[in-house]
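S.K.: Okay, predicted coordinates and the sequence, questions at the end:
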Amino acid sequence: MKSKPIRLSKKKNGKGYVTSYSVNIGTAEARECGLIPPNDDEPVELEKIIDSEHHRIIIQPKATD
């Protein structure tokens, strides 16, 4: 596991209000973690886990049933 400093980028609507935030993930990092396939053919289905108790947001490949 690696730790890198990042910043949230504000996304604003046409009226100047902040409506969301984004984080950049490099392609090498995403591929290494299985978020995108090695051949870029089919997109990997992802899920976002909100852990407000521990102040974390986790993005990972969706678990298969």
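M.R.: Received the coordinates, thanks. It should be emphasised that the depicted structure is a prediction, and the values quoted were computed from it without experimental measurement.
S.K.: Count residues in the vicinity of Arg31, would you?
M.R.: 14 (other CB atoms under 10 Å). (Glycine included, C-beta is placed from N, CA and C.)
S.K.: what helix or strand is it on?
M.R.: Element membership of Arg31, judged by DSSP states H and E, is helix 27-32.
S.K.: Can you name the residues in contact with that helix?
M.R.: By CB atoms under 8 Å, 6 or more residues apart in numbering, the residues outside helix 27-32 that reach it are Ile36, Pro37, Pro38.
S.K.: From Lys15, how far off is the residue sitting nearest the centre point of the chain?
M.R.: Central residue of the chain (CA atoms, centre = their mean): Ile59, 5.0 Å from the mean position. Distance, Ile59 to Lys15, by CB to CB, to the nearest Å: 29 Å.
S.K.: low pLDDT regions in the chain?
M.R.: Along the chain, segments meeting pLDDT under 70 span 65.
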